[in-house]
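Trainee: model the following, please.
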Amino acid sequence: MDAQQIQDKIYEKGYGKVADHIGFLYTIYRSSDGDNPIQPANIIGEIKVAPTTTWTWMMVKKYGDSTWILVVDGRGLEVGDYLVGELRTFFIASMEKILPILGVMCDRKITIVRPKTTEGIGDVGYSGYVQGDASTFDVLHTSVPSSFLKSSRGEKNPVKLPTDAKMPWYAVYLPQWDSVFLRNGDIIIDENQQDYIISDNEHTPLGWHLNVHGLEA
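Mentor: Now for the predicted structure:
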């Protein structure tokens, strides 16, 4: 029996059997470009999944950590796939051989845009970003389920009014698609129409790890 046959046995006879008994039904979505990945055209099937933090299923998820072990028959799944169930949405961050499947729970839905630059003679190269004005930005990804985790850092509000609070920082996790490489300075807009700017773009084997902070309203 070779390594691939062993891996298939782990998925089918191990994780798959457990998921069949105690898992819940999830819909599988696969997007090639990150353009509104959770849509009917991207559905590739359904599968039972048993998310857990430990193999005993006796530990609840705590604040500040969005990673889960996804007990599921991994045959036919790929890194970057979304699993959407009644209560939770995950993206698959890692499928290392022999090891458990790592999932990231998504709690926000974001669109990522890039302020346009101009290259004509005499242009300064930056046209300025205006939320809601599509002429000032290029859309990179739309409606992408992602993980937002609060950071202990914060930026002073430049207005400096007596009641101003610091603008918080967040760690953002999402899959990586070959069609787009995110840059520092790209803008994130969440489902609540709040704006954030990417200040650090770490491209990891588990997808994107972005450090972002809120923009002044």
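
Trainee: setting aside sequence neighbours, what's the nearest residue to the residue nearest to the spatial centre of the chain?
Mentor: The centroid of the chain falls nearest to L174 when counting by Cα atoms, centre = their mean (2.2 Å). Take L174 and drop its neighbours on the chain: the residue closest to it by Cβ to Cβ, 6 or more residues apart in numbering is S146, 4.1 Å away. (Glycine included, C-beta is placed from N, CA and C.)

Trainee: tell me how far the one you found lies from T27.
Mentor: S146 sits at a distance of 18 Å from T27 (criterion: Cβ to Cβ, to the nearest Å).

Trainee: out of these two, which sits in the more crowded spot?
Mentor: The neighbour comparison of S146 against T27 (other Cβ atoms under 10 Å) goes to S146, with 25 against 17.

Trainee: packing partners for the longest strand anywhere in the chain?
Mentor: In the chain, with assignment by DSSP state E, the single longest strand is strand 137-155. Counting by 3 or more Cβ pairs under 8 Å, 6 or more residues apart in numbering; DSSP states H and E, the packing neighbours recorded for strand 137-155 are strand 108-115, strand 167-174, strand 207-214.

Trainee: closest to Q5 out of the ones you listed?
Mentor: strand 207-214 (28.4 Å; Cβ to Cβ).

Trainee: name the SS class of T56, please.
Mentor: coil (DSSP: H, G, I helix; E, B strand; the rest coil).

Trainee: check contacts around it.
Mentor: By Cβ atoms under 8 Å, 6 or more residues apart in numbering, no residues touch T56.

Trainee: ditto for the one 3 residues further on
Mentor: Under the criterion of Cβ under 8 Å, 6+ apart, the contact partners of M59 comprise 52-53.

Trainee: and it, what element?
Mentor: Of the helices and strands defined by DSSP states H and E, none includes M59.

Trainee: quick one, phi/psi of it?
Mentor: Here is the backbone geometry of M59 (degrees, to the nearest 10): phi -130, psi 120.

Trainee: and it, how far is that from A171?
Mentor: Distance check for M59 against A171: by Cβ to Cβ, it reads 22 Å.

Trainee: how about P115?
Mentor: Taking Cβ to Cβ as the measure, P115 falls 23 Å from A171.

Trainee: swap in P51?
Mentor: 20 Å.

Trainee: repeat for V60
Mentor: Distance from V60 to A171, counting by Cβ to Cβ: 21 Å.

Trainee: which parts of this protein are strands?
Mentor: 24-29, 43-52, 67-71, 82-84, 89-94, 101-105, 108-115, 137-155, 167-174, 187-190, 195-204, 207-214.

Trainee: what helices and strands are in contact with the last one?
Mentor: Okay, so that is strand 207-214. Here strand 207-214 touches strand 137-155, strand 167-174, strand 195-204, going by 3+ Cβ pairs under 8 Å, 6+ apart.

Trainee: pretty sure F137 sits against V113.
Mentor: Yes. Taking contacts as Cβ atoms under 8 Å, F137 lies within contact range of V113: 4.0 Å.

Trainee: what touches both of those two?
Mentor: Common neighbours of F137 and V113, counting by Cβ under 8 Å, 6+ apart, are 129, 187.

Trainee: ok so, going back, show me the contacts for the residue nearest to the centre of the chain.
Mentor: Contacts of L174 by Cβ under 8 Å, 6+ apart are 91, 110, 141, 144-147, 207-208, 210.
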